[in-house]
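**Student:** The sequence and its predicted three-dimensional model are supplied below.
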Protein chains: 2
Amino acid sequence: MIKNITNVRGITCWGAHTGVKSMRRDLAIIFSKVPASAAATFTLNQVVAEPVKLTKKHISDGMAQAIVINAGNANAATGEQGREGAEAMAQTMADELGIKKELVMVASTGVIGVPFPTGDIVNGIRENVKKLTNKSTAGTFAANAILTTDTFAKEGFVEFEVDGREINMGAIAKGSGMIHPNMATMLAFILTDVAIEPNLLKEAVSDAVKKSFNMITVDGDTSTNDMVVVLANGLAQNEVLKTKKDSDYKVFKENLEKMMEHLAQQIVLDGEGASKFIEYEILNAPSEDYARKMIREISDSTLVKTAMFGRDPNWGRIISAAGNAGLPFNYEEADLYLGADKKDVQVLKKGIPLEYDRNYLKKLLRESHLKIKLDLHNGKSAARGWGTDMTTDYVLFNSVYTT
Amino acid sequence: MIKNITNVRGITCWGAHTGVKSMRRDLAIIFSKVPASAAATFTLNQVVAEPVKLTKKHISDGMAQAIVINAGNANAATGEQGREGAEAMAQTMADELGIKKELVMVASTGVIGVPFPTGDIVNGIRENVKKLTNKSTAGTFAANAILTTDTFAKEGFVEFEVDGREINMGAIAKGSGMIHPNMATMLAFILTDVAIEPNLLKEAVSDAVKKSFNMITVDGDTSTNDMVVVLANGLAQNEVLKTKKDSDYKVFKENLEKMMEHLAQQIVLDGEGASKFIEYEILNAPSEDYARKMIREISDSTLVKTAMFGRDPNWGRIISAAGNAGLPFNYEEADLYLGADKKDVQVLKKGIPLEYDRNYLKKLLRESHLKIKLDLHNGKSAARGWGTDMTTDYVLFNSVYTT
């Protein structure tokens, strides 16, 4: 009744409780009836979890058929024992499903540096592979089984047309809880039945991640386990997408970006200790990279984030953060708009402060979805990004939580 | 990207954390732009929670415009203090929204017999009414804010046509956790933009509840707080549905039943301590009431439930439970089928045991979704119901949990 990953042709899944987490589902399994084109991006943290290392290796040929994710233990900083655990997860999946081990992607999320409970998880896989189904609830179970400190499951589903064929794209994701940095992993798994060449998929994924997951900030940290995986199994039977010139590729790409943007926003919206969701937009920048870099600087600024918590239309902090981005920036050409989603107030025009109704703007800043828009009048590129405010709760939590 | 209650015309909502539950959302607010036709069914338990009493009173004229639900405290067995708390919830909603108090429905779920935290909840309402929005995430927040021991949020959404107009119907629900009977409340809130007369809606709701929520069993208990509320605000602007003869009414009714069946199944699927979901179907019974009563008897039978946990095709227990329903029943006319969803094995034909592949059936019974079908050859009515198995975990949990 709610469409999810189980509405993608050939996709079955399950979410189960193995006992690693108390009373909550902690194991998700996703299977594609046929091998799929696969692409992924991974954490840039120097400490890399064992499942990330293994999945990087397995995905190198651009093909995958199954994904297994455990929650409760990150399998990071676990050494040889952890490496064997990740291998055992892939091997057990392969044995139970009758597929090659190299077609299995492995992901983990949870506490870092705790011995990996290989036995429980391997038993869990054996017991639950036979429950794989395309029933809608299985999608819900899977979406819930990958959560850690998340307060809600993150899912997405979209339908569109390519080559006259209906394409389904579904996804599950988990986000980062600010107050438990050990579990602040971001995972996203996107499944689609479009037919597309692995190399082209790789390009699409890498570009879409830049515009979405890389444009969110909760606390600026990157975990040891971050992973975005996309599987495209071709069961929609459209003519295989092969080049960027293909007009159908554009449709696919747009929908992939829309999906990733949605998941990224869901993750920000679940930022613990945050009270507001803030969308940043930069218009008329010299390049997209420029615009993105500037957004990241502003959205990571503690001064900007605390001002938004305090409903303080202190736009000077925004301009100041923009000036700190290590980019050429002439604020005397810039227009700045502040406010809530779809209702904003221009506070700066070509660098000159405008008169505005301060009480009205303060009222807008009380809303839960804020918007900060900077028009640079210095080019034709644009970018968007998403972040949170910084609350007294955040500081309190992080000051008492021993990590 | 996932359609939910926010896709119903005129519906805004929010889900927030007031502090009654630690670190989890615990307050949901739902608002219809215009007053809506409203109908509800309530718990039959003799101990009735304060919000149930109040909502019964407020809905008596068949109209409602807002719903407020708190989780963490059931406001049951709380006496005068609780009564005032429920009144305060309705009054605060009315004041903040500028509507009549009688248009506010109030629901609670959580621990029974604990003083009601009126102050926190009233403050929470004041603070969060201004966040009401039709953004999709607000629907997710609301769905999550009504949970107690649930392991996943329960939502539904369906579109259909009435009088050439697209009708949207969305819902959120929470289920019963077996091992915390104090919190085993079942709540469901269904919002739709169809235009329908209150009396006709009442009839539709009462009948659909009989076929859905009343046909599920997890542990056979009814809580003090159970409530199913349906609001139909008419913003789809179809010609108002007025009589059962209306062919469009049939379409609406079917979709309402489908929605309730979906939510009821989601609740069973989240039955804690259960390992299997079991669908029961009785065919060719003398009447629907007969068939429903027999299903309830079988699905509540401890012997049947433990057999299903043990994957034991011990069909004698099913026939025996059917014989215990207080209904005339001649098993020598009956056919019985056992197995998994869409794959079953006939074990009884006109009362005579059939030879069957016991190993194959035992294998089917390992699946997570089982099906038990009884054909009575004794009439033309049918019914379905849903339940769980009974596991050693269930017994263990309930033996150590002090209620």
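**Tutor:** Yep, it's here.
**Student:** What ranges does the stretch 51-200 of chain A have for its helices?
**Tutor:** Ranges of helices within the stretch 51-200 of chain A are A:79-97, A:118-128, A:136-145, A:198-211, based on DSSP state H, counting those that start in this stretch.
**Student:** Give me the distance from the longest one to the chain's centre.
**Tutor:** Computed by C-alpha atoms, centre = their mean, to the nearest Å, the separation of helix A:79-97 from the middle of its chain amounts to 25 Å.
**Student:** again with stretch A:110-124
**Tutor:** Its chain's average C-alpha position is 24 Å from that of stretch A:110-124, according to C-alpha atoms, centre = their mean.
**Student:** In the stretch 251-400 of chain A, which residue sits nearest chain B?
**Tutor:** The stretch 251-400 of chain A approaches chain B most closely through residue A:262 (4.3 Å), counting by C-beta to the nearest C-beta. Glycine gets a C-beta too; all of them are placed from N, C-alpha and C.
**Student:** and that residue, that's in a helix?
**Tutor:** Yes. Under DSSP: H, G, I helix; E, B strand; the rest coil, residue A:262 falls within a helix.
**Student:** Please convert the helices of the stretch 51-200 of chain A to CSV, extending it with distance to chain B, mean pLDDT and mean neighbour count.
**Tutor:** Output for the helices of the stretch 51-200 of chain A, formatted as CSV (distance: least, C-beta to the nearest C-beta, whole Å; pLDDT from 0 to 100; neighbours: other C-beta atoms under 10 Å in any protein chain shown):
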stretch, distance to chain B, mean pLDDT, mean neighbour count
helix A:79-97, 14, 97, 19
helix A:118-128, 9, 97, 19
helix A:136-145, 4, 95, 27
helix A:198-211, 14, 96, 19
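**Student:** Rebuild those helices as TSV, extending it with distance to residue B:279.
**Tutor:** Below are the helices of the stretch 51-200 of chain A laid out as TSV (distance: least, C-beta to C-beta, whole Å):
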stretch	distance to residue B:279
helix A:79-97	26
helix A:118-128	20
helix A:136-145	13
helix A:198-211	39
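**Student:** between the ones you listed, which one is nearest to residue A:23?
**Tutor:** Closest approach to residue A:23 among those (C-beta to C-beta): helix A:136-145, 12.2 Å.
**Student:** pull the CA atoms of the closest one into PDB?
**Tutor:** The C-alpha coordinates for helix A:136-145 follow below in PDB (Å, rounded to 0.1, in the frame of the first residue of the first chain):
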ATOM      1  CA  SER A 136       5.700  -4.500   0.800                       C
ATOM      2  CA  THR A 137       6.300  -5.200   4.500                       C
ATOM      3  CA  ALA A 138       9.600  -6.800   3.800                       C
ATOM      4  CA  GLY A 139      10.700  -3.400   2.500                       C
ATOM      5  CA  THR A 140       9.600  -1.700   5.700                       C
ATOM      6  CA  PHE A 141      11.500  -4.400   7.700                       C
ATOM      7  CA  ALA A 142      14.600  -3.800   5.700                       C
ATOM      8  CA  ALA A 143      14.400   0.000   6.000                       C
ATOM      9  CA  ASN A 144      14.000  -0.400   9.800                       C
ATOM     10  CA  ALA A 145      16.700  -3.000  10.200                       C
END
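**Student:** residues in contact with it?
**Tutor:** Residues outside helix A:136-145 that contact it (C-beta atoms under 8 Å, 6 or more residues apart in numbering or on different chains): A:1-7, A:12-17, A:24-30, A:69, A:71, A:131-132, A:153-155, A:170, A:172, B:151-152, B:265-266, B:269.
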